[in-house]
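Visitor: Here is my input; please provide its structure:
(2 chains)
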Amino acid sequence: MPVSDEDHTEDASRRKTEQPRCGTLIHPEPKIDQNARDRIGRDLRATYEALLLEPLPDRIVGLVSRLPREPRRALQ
Amino acid sequence: MTATPEVREAMLAALPSLRAFALSLTYNVDYADDLVQETVLRAWKNIDRFEVGTNLNAWLFTILRNGFYSQHRKKRREVEDPDGGRAGRLTVAPEQNGKCDVQDMLKALAKLSLVQREALLLIAAEGMSYEDAAQVCGVAIGTIKSRVNRARMCLAQLLAVEAAEDLGPDRMTQAALQAAH
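Guide: Model (predicted):
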């Protein structure tokens, strides 16, 4: 069956403007290798643990201990 | 939920994590403590909005993060730290096993954007699920995954660069090489 010029143009236009389906990554993000990822994870946790071990200031610990039983009424 | 002694205990248990997260956002001890204090007060005041069975830590982190960004926008405080100067002033106890240089990691983290830093810390350090981290940051799970991946890439690059510099020629050798050319 012969294809008309109009059909041809429309088809070409569709090909040009065709977009990837929703959720399809055009260029997938590069990822670091597993060893580097593991090392960063270990170092991050070690750093975060150092922050966790920092002593809490008394004013914050005391604040939680002194929180009233009826929060809304007392803190308003 | 009502303000029971159990909730109070759970909030006490969450304090170290909240403070560590606040420190990693602000790189300023006083500012971090103020944020934690405001978080505790706001959470207690709104404790009836907390849904039983959901993650209390994630809820507290959300309040803290919202408070931080609210103040950040209002006061236009400078919290990005491209030179790592503020990171250098935030001193923590040195790592005992010597495997990780905490100060180097803090400096590298400070060079990440805030959104990448918080996503990475919530997932890789705090151990939060992608779902909870997405809730804390108010974005889609896919966005968190993308931010974590980009943060890891940046950190790998930053730490590798620093390692390469450590192994590079010292200043005298560099000067001698320059003089020879």
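Visitor: going forward, measure contacts and count neighbours with C-alpha atoms only.
Guide: Noted.
Visitor: Please identify the residues of chain B in proximity to chain A?
Guide: B:3-4, B:8, B:11-12, B:15-17, B:19-20, B:23, B:33, B:36-37, B:40-41, B:44-47, B:92-95, B:99-102, B:105-106, B:121, B:124-126, B:146, B:149, B:152-153, B:155-156 (CA under 8 Å from any CA of the partner chain).
Visitor: let's see 6 Å
Guide: Remark: the part of chain B in contact with chain A comprises B:16, B:20, B:37, B:44-45, B:100, B:102, B:124-125, using CA under 6 Å from any CA of the partner chain.
Visitor: Distance-wise, check residue B:68 relative to chain A.
Guide: 17 Å (CA to the nearest CA, to the nearest Å).
Visitor: Skipping its backbone neighbours, what lies nearest that residue in space?
Guide: residue B:35 (6.8 Å; CA to CA, 6 or more residues apart in numbering or on different chains).
Visitor: Sticking with the one you found, tell me its helix or strand.
Guide: Taking DSSP states H and E as the definition, residue B:35 sits inside helix B:29-45.
Visitor: And residue B:139, by the same measure?
Guide: Applying DSSP H and E, one finds residue B:139 in no helix or strand.
Visitor: Equivalent analysis for the one 3 residues further on, please.
Guide: With elements taken from DSSP H and E, the one containing residue B:142 is helix B:141-167.
Visitor: where's that helix relative to the chain centroid, distance-wise?
Guide: With CA atoms, centre = their mean, to the nearest Å as the basis, helix B:141-167 stands 14 Å off its chain's centre.
Visitor: mind listing what's buried in that helix?
Guide: B:141, B:144-145, B:147-156, B:158-159 (16 or more other CA atoms under 10 Å in any protein chain shown).
Visitor: tell me the least confident of those residues?
Guide: Minimum pLDDT across the buried residues of helix B:141-167 is recorded for residue B:159, with 88.
Visitor: And the closest residue to that residue other than its chain neighbours, how close does it get to residue B:8?
Guide: Residue nearest to residue B:159 in three dimensions, not counting chain neighbours: residue B:108, with 6.9 Å by CA to CA, 6+ apart. Residue B:108 sits 35 Å away from residue B:8, going by CA to CA, to the nearest Å.
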